[in-house]
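A.B. asks: dropping the sequence and predicted coords here.
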Amino acid sequence: MKNTKLTICLFLVVLTGSANAQVLTVPTDYSTIQAAIDAGVDGDTVMVTPGTYSGSGNRNINLLGKAITVQSTDPANPGIVSTTVIDCQGSPSTRGFIFNSQETIDSKVMGLTIKNGNNFKGGGIYCYNDSSPTISNCVVTANSAVFGGGLAVEGANSFPLITNCQIIGNSALAGGGGVYCNGSNPTIVSSLVCGNFAPRGGAFYGHNVCTPVINNSTISGNAATVSAGGLCCYGGCDLSMENCIVWDNSAFSASDLFVAGLGAPTTVDISYCDIYNSAESVVCDSTSTINWGQGNIDADPNFIDDGILGPRNERVGADYHLNEGSPCIDAGDPCFVTEADSTDIDGQERLSGAAVDIGADEVVIINTILADVRIMPKTLNLNSRGRWMLAAIRLEGDYDIKAIDVDSITLNSQIRPVLVRAFGRWNKLFAVFKRSEVQEMLSDSEGSVLLTVGGNLEDGTPFEGRDTIKVVARKKKVGRLCNKFGKCKKLRVRKK
């Protein structure tokens, strides 16, 4: 009986805590992000509406150890993320966020753009003192530091989780243009670390005993003047990397990966990665080890756009999505298990094909469902004054016609129906179009014309079907020729 009462009490406490959670809106409720955090308690959400936030209270933001979420209005919407900006304006000793109060995974920053920070460590974000927040769907760009232009993590008990983030175009004066890891253990998943610069470790610089993890991410287009345009691991930085692309990074030596002891043996585990494995690209000294696991490939990932070289040999303006012919598609770990919230850099579900794709992008190839379409009338006289045209639609295969999103239906991707009715008995759908609109669309046509009816199912899967009708051209205008006595006769323009 006592246990039952205790269970009920705990349930009520949890329920009450959840019910009391608040949404604190910036700038409606609070003028700055820090002011909203100061007023918040565990479980609250600080909602930042689109806009550019700068100055005191909107930089060097500290969650103060609270289990709260600071987010844009829609972290999954790239348009919202790109317009919800924390701009440090390049001022000295500034950064977007600092975590130093033993934050846990329930301290979250989601869907913000963090730029123009300028600090000694962590120009965009700095995490230390046993802090392990969650950072997701953020763009960290144009920040600078001595160590960790985009992000710096320090401390043996710091385990931050960075997911679905773009760490792009940051720079460091010493090491880690994108990410700096000093004796800490960050996990980076489904992220882009691209176009960053530092003398060593353009994308990633890790040292002092630590165990960082990088999975399902793309590390490309980074540059270094000395070594490791991509990743630099030494002094016991035991990196584990799976399902990643490491390609087209630039440096004087070890353009993609440098592994060394320099104080403590270092081990790097690599599996199911696409990495340019040559003597110039990958360097490992005699005190350390690279464990080449299963499934690694060495092939151009075939990005949609490689961009151009910037002033420091970093890539600028690249599009790191994969073309459909990429060797990275379905080439990842065949035992990869998707979790409920496992998505790629665009928020699409992982594992859309036979196996997970290598890199941050999961290519989703959508097959169009064929439809049997019959358009009536079969002859369209452009001189007629009929009111309607009808398209009968039946999906091929076992698809139910009721699964069609009727608002998506179009004729030749131009004309929408004025009426749609489904008849389950025949598994057909009838779409009615205004004849005047069809006649206007085909005003310059004559003879056989192919028309396409298409749309989507409720789940977004496209369908398409075609039918041919005969079009009778409009009559040519009749002119009159009159003589000087006022007598006229009709003139018809003959077709050549």
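C.D. replies: Arrived safely, thanks for sending.
A.B. asks: might you report the residue contacts of the residue nearest to the spatial centre of the chain?
C.D. replies: The residue lying closest to the centre of the chain (Cα atoms, centre = their mean) is residue 346, at 2.1 Å. By Cβ atoms under 8 Å, 6 or more residues apart in numbering, the contact set of residue 346 is 78, 321, 361-362. C-beta: built from backbone N, CA, C; applies to glycine.
A.B. asks: 10 Å instead, please
C.D. replies: Counting by Cβ atoms under 10 Å, 6 or more residues apart in numbering, residue 346 makes contact with 76, 78, 164, 190, 321, 360-362, 364.
A.B. asks: per-residue confidence for it?
C.D. replies: Residue 346 is assigned 92 on the pLDDT scale.
A.B. asks: one more: residue 496?
C.D. replies: 39.
A.B. asks: same question for residue 268.
C.D. replies: 98.
A.B. asks: just the element for it, please.
C.D. replies: strand 267-271 (DSSP states H and E).
A.B. asks: can you show me the CA trace of that strand as CSV?
C.D. replies: Extracted as CSV, the C-alpha positions of strand 267-271 are listed here (Å, rounded to 0.1, in the frame of the first residue of the first chain):
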residue,chain,number,x,y,z
THR,A,267,44.1,5.2,-31.7
VAL,A,268,41.6,6.2,-34.4
ASP,A,269,38.9,3.7,-35.5
ILE,A,270,37.4,4.2,-38.9
SER,A,271,34.6,2.1,-40.5
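A.B. asks: residue 97 is in contact with residue 119, correct?
C.D. replies: No. The criterion here is Cβ atoms under 10 Å, and residue 119 misses it with residue 97 at 11.3 Å.
A.B. asks: circling back: what subset of the contacts of residue 346 is buried?
C.D. replies: Among the contacts of residue 346, those buried by neighbour count (16 or more other Cβ atoms under 10 Å) are 78, 164, 190, 321, 360-362.
A.B. asks: can you list those residues in CSV and add distance to residue 306 and pLDDT?
C.D. replies: CSV is the format used below for the buried ones among the contacts of residue 346 (distance: Cβ to Cβ, whole Å; pLDDT from 0 to 100):
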residue, distance to residue 306, pLDDT
78, 21, 94
164, 22, 97
190, 21, 96
321, 12, 96
360, 16, 97
361, 14, 96
362, 20, 94
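A.B. asks: of all these, which comes closest to residue 372?
C.D. replies: residue 362 (32.3 Å; Cβ to Cβ).
A.B. asks: quick one, what contacts the closest one?
C.D. replies: 190, 216, 321-322, 329-330, 332, 338, 342-353, 356.
A.B. asks: let me see the backbone angles for the closest residue in space to residue 473 that isn't next to it in sequence.
C.D. replies: Spatial nearest neighbour of residue 473, excluding adjacent residues (Cβ to Cβ, 6 or more residues apart in numbering): residue 446 at 4.1 Å. Dihedral pair for residue 446: phi -160, psi 140, per degrees, to the nearest 10.
A.B. asks: so residue 446 touches residue 474, yeah?
C.D. replies: Yes. Applying Cβ under 10 Å, one finds residue 446 in contact with residue 474, separated by 9.0 Å.
A.B. asks: for these two, list the residues in contact with both.
C.D. replies: With Cβ under 10 Å, 6+ apart as the test, residue 446 and residue 474 both reach residue 382.
A.B. asks: helix or strand for residue 38, which one?
C.D. replies: Counting by DSSP H and E, residue 38 is found in helix 33-39.
A.B. asks: how about the closest residue to residue 449 other than its chain neighbours, what does it touch?
C.D. replies: Distance criterion Cβ to Cβ, 6+ apart; nearest residue to residue 449, sequence neighbours excluded, is residue 471 at 5.0 Å. Shown in contact with residue 471 (Cβ under 10 Å, 6+ apart): 379-382, 438-439, 442-449, 451.
A.B. asks: which SS class is residue 471?
C.D. replies: strand (DSSP: H, G, I helix; E, B strand; the rest coil).
A.B. asks: report the beta-bridge partners for it.
C.D. replies: residue 380, residue 447 (DSSP bridges).
A.B. asks: relative to residue 382, how far out is it?
C.D. replies: 7 Å (Cβ to Cβ, to the nearest Å).
A.B. asks: which stretches of the stretch 351-496 of the chain aren't confidently modelled?
C.D. replies: The model of the stretch 351-496 of the chain has pLDDT under 70 over residues 476-496.
A.B. asks: any chance you could map the helices in it?
C.D. replies: 435-441 (DSSP state H, counting those that start in this stretch).
A.B. asks: burial count for residue 359?
C.D. replies: Using other Cβ atoms under 10 Å, residue 359 has 33 other residues around it.
A.B. asks: and residue 297, by the same measure?
C.D. replies: Quick note: residue 297 (other Cβ under 10 Å) scores 15 neighbours.
A.B. asks: swap in the one 10 residues further on?
C.D. replies: One way to gauge burial is a neighbour count; for residue 307, by other Cβ under 10 Å, it gives 18.
A.B. asks: ditto for the one 3 residues further on
C.D. replies: Neighbour count of residue 310, defined by other Cβ under 10 Å: 15.
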